[in-house]
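# What follows is a predicted protein model with its sequence.
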Amino acid sequence: MRRGLEPVAMKPTPPYRVTPHLERYCLSGEPMPCIYDHESRRWRALVRFGDSERPMVIVVRSEGQNPALQLLVEDDLDRGLREKAQSIARWIFAIDVDYMSFMSKTAATPLHSLAWRGFGLRPARAPGVYEALLMSLAWGQEKSARALAELVRRTASSTSIRGERFYGSPDPSAVTSLGIDGLKSLGFSQQKAEAVLEVAMAQGSGSLPSLEDAAENPRRAAKSFAELRGVGRSAAELAASLISRRPWGGVSAEAVARAVKDRLGVSYEAKDLEAQVGDYIGLVYYLLESSV
């Protein structure tokens, strides 16, 4: 009987901070489809790996210069699946982001003070393309976020372990069967309902790009996402950023340059800014938008 969770220690490279991101963008205790509890700093979800969705918990034990995460997975997982679970946890919690490299690239530039203010902060990632698109449609909007949480409750698989509920991602066919009116009844606007339906249909038909392709070329992914009915450019770039290997990589260099000028009063040509900070250009935008 699979009802036990076994802890696995994980040590991100310092400096590391992720809870400000999770607290700002996740409704505490609500499935979106992952659940993050602000007080316990405990993230949980049913995540697909191996041949099924499996429960996974990630607890942020400490941050800053001595960061520590604790991953909890089923106690009967074989070695291969345990390693896969750790890989997924590292992906979602952006353990691979080297913040000190970002500090180095911004040294002696007007961006260095921004890098200091955000010291160690990085955005968490979505587990997949489908989830990223759904999350982007509810991003920063409480009504849409609560509608997404209700959609998860109604259409996603779920399980309970020792009184703790875990949810997977909304089933595309179940979402499609709700239709526009059903989605609106959950709290989505007309445009958001159209977009959610379009995303579910794309997931069901297998027409969404793979996570690997989108992660390597998030700007190309953003362009494809923007072609989905109801998914605007900003939501498309956000979705691509949520699954980008480079932190917040779905944002265009031109948008980052505009944000730097508007927020910091510093003018950059987009190509020069990208040449200076490289893979971290999206992180500049994220930190500016996060008001650190």
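Here it is on my side, so go on.
# the helices in this structure, which residues?
Secondary structure of the chain (DSSP state H): helices at 19-25, 79-92, 99-106, 112-117, 129-138, 142-155, 172-185, 190-205, 211-216, 218-225, 233-242, 253-264, 270-277, 281-289.
# name the helices or strands packed onto the second one?
For helix 79-92, the contact count by 3 or more Cβ pairs under 8 Å, 6 or more residues apart in numbering; DSSP states H and E identifies strand 5-10, strand 42-49, strand 52-62, strand 68-74 as packing neighbours. (C-beta placed from N, C-alpha, C; glycine too.)
# I'd like the ones you listed laid out as CSV, including mean pLDDT, distance to Leu273 and mean neighbour count.
Listed next are the helices and strands packed on helix 79-92 as CSV, based on pLDDT from 0 to 100; distance: least, Cβ to Cβ, whole Å; neighbours: other Cβ atoms under 10 Å:
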stretch, mean pLDDT, distance to Leu273, mean neighbour count
strand 5-10, 95, 33, 14
strand 42-49, 95, 33, 21
strand 52-62, 96, 31, 19
strand 68-74, 96, 32, 19
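# For those strands, give me TSV that also has distance to Ala202.
Formatted as TSV, the helices and strands packed on helix 79-92 follow (distance: least, Cβ to Cβ, whole Å):
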stretch	distance to Ala202
strand 5-10	33
strand 42-49	17
strand 52-62	20
strand 68-74	30
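# Any idea which of these gets closest to Ser291?
The closest of those to Ser291 is strand 52-62. By Cβ to Cβ, the value is 21.1 Å.
# Partner strands of the closest one and their direction?
Paired strands of strand 52-62, with direction, are strand 42-49 (antiparallel), strand 68-74 (antiparallel) (DSSP bridges).
# would JSON lines of those with distance to Gly4 be doable?
Converted to JSON lines, those look like this (distance: least, Cβ to Cβ, whole Å):
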{"stretch": "strand 42-49", "distance to Gly4": "15"}
{"stretch": "strand 68-74", "distance to Gly4": "7"}
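# and of those, who's closest to Asn217?
Here strand 42-49 is closest among these (Cβ to Cβ), at 22.6 Å.
# Tell me how many other residues crowd Val266.
14 (other Cβ atoms under 10 Å).
# May I have the residues that are in contact with it?
Taking Cβ atoms under 8 Å, 6 or more residues apart in numbering, we find Val266 in contact with Pro110, Leu111, Val260.
# In this structure Ser173 contacts Gly204, no?
Yes - if you go by Cβ atoms under 8 Å, Ser173 and Gly204 touch, sitting 6.0 Å apart.
# who has more neighbours, the two?
Gly204 (15 against 12).
# Any regions of the chain where pLDDT drops low?
Within the chain, the segments meeting pLDDT under 70 span 1-3, 292.
# For Val8, give the beta-bridge partners.
With DSSP bridges as the rule, Val8 is bridged to Leu71.
# got a list of what it touches?
Shown in contact with Val8 (Cβ under 8 Å, 6+ apart): Gln70, Leu71, Leu72, Val73, Arg82, Ala85, Gln86.
# nearest residue to Ile35 other than its sequence neighbours?
Among residues not flanking Ile35 along the chain, Arg44 sits closest, at 5.3 Å (Cβ to Cβ, 6 or more residues apart in numbering).
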